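1. sequence first, predicted model second:
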Amino acid sequence: MGKILTFAFFIFACVAIGALSSYANTPGEWYQSLNKPFFNPPDWVFAPVWAGLYVMIGVALSTTWFDKDNTARLIVFAIQGFLNIFWSPAFFGLQSPLLGLIIIVPMLAFIVLFIIMSWKPNRQAAWLFVPYALWVAFAAVLNLSIVLLN
């Protein structure tokens with residue numbers, strides 16, 4: 001029962017933190033007024049994609065939590081998590097695509113580092129982070145494009 005509760009807690013925590021950050025930092029008129037690249041997805045895409053990613057992130061954290069010798073990977077996980085939490089307030093809250101870019105680049109690096117560090121000891125956690133890495137890489141290109149276009 002302990003593992004099930006741990007999984008439920010971490011998945012709930014990841015989804016809840018993501019939802020709270022999104023709710024507290026809605027794009028609004030400022031974002032709508034920005035020039036965006038042709039590949040910018042419609043606004044409705046972001047919420048379901050992030051919800052799915054946060055579930056996978058929670059599962060990856062749960063499986064890593066129970067691994068032996070997990071300290072370094074949990075630190076890397078925490079760093080990418082804090083960067084993830086701070087991106088929305090930087091980009092939307094402070095209305096600073098440049099600050100968002102400054103945050104998202106190391107965030108992507110720590111996501112990739114987590115995948116690399118997890119590959120041998122916990123392939124499941126590594127694979128769960130691959131869609132997250134791909135989405136954040138796309139978001140980084142989108143963020144850079146917005147900086148350049150504005």
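-> Ah, there it is.
2. from residue 71, how far out is residue 116?
-> Per C-beta to C-beta, to the nearest Å, residue 116 is found 16 Å from residue 71. Any C-beta I mention is one placed from the backbone N, CA and C, and that applies to glycine too.
3. between those two, which one's more packed in?
-> residue 116 (13 against 8; other C-beta atoms under 10 Å).
4. find the residue at the geometric middle of the chain.
-> For the chain, the residue whose C-alpha lies nearest the mean C-alpha position (C-alpha atoms, centre = their mean) is residue 84; its distance is 4.8 Å.
5. could you say which helix or strand holds the residue lying closest to that residue once chain neighbours are set aside?
-> Nearest non-adjacent residue to residue 84, counting by C-beta to C-beta, 6 or more residues apart in numbering: residue 107, 6.0 Å away. Assigned by DSSP states H and E, residue 107 falls within helix 97-118.
6. so which bits of that helix are buried?
-> 97, 99-101, 103-104, 107-108, 110-115, 117-118 (16 or more other C-beta atoms under 10 Å).
7. average pLDDT for it, rounded please.
-> When pLDDT is averaged over helix 97-118, the result is 98.
8. which strands and helices sit next to that helix?
-> Secondary-structure packing of helix 97-118 (3 or more C-beta pairs under 8 Å, 6 or more residues apart in numbering; DSSP states H and E): helix 46-65, helix 71-88, helix 123-149.
9. could you check the angle helix 123-149 makes with that helix?
-> 160 degrees (axes from the mean of the first three to the mean of the last three C-alpha atoms, to 10 degrees).
10. what angle separates helix 97-118 from helix 46-65?
-> 40 degrees.
11. mind listing what's buried in stretch 81-96?
-> 81, 83-84, 86-92.
12. and what of stretch 7-17?
-> Taking 16+ other C-beta under 10 Å as the criterion, stretch 7-17 shows 7, 10-11, 14-15, 17 as buried.
13. any chance of a markdown table for these, columns secondary structure?
-> A markdown table is the format used below for those (DSSP: H, G, I helix; E, B strand; the rest coil):
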| residue | secondary structure |
| --- | --- |
| 7 | helix |
| 10 | helix |
| 11 | helix |
| 14 | helix |
| 15 | helix |
| 17 | helix |
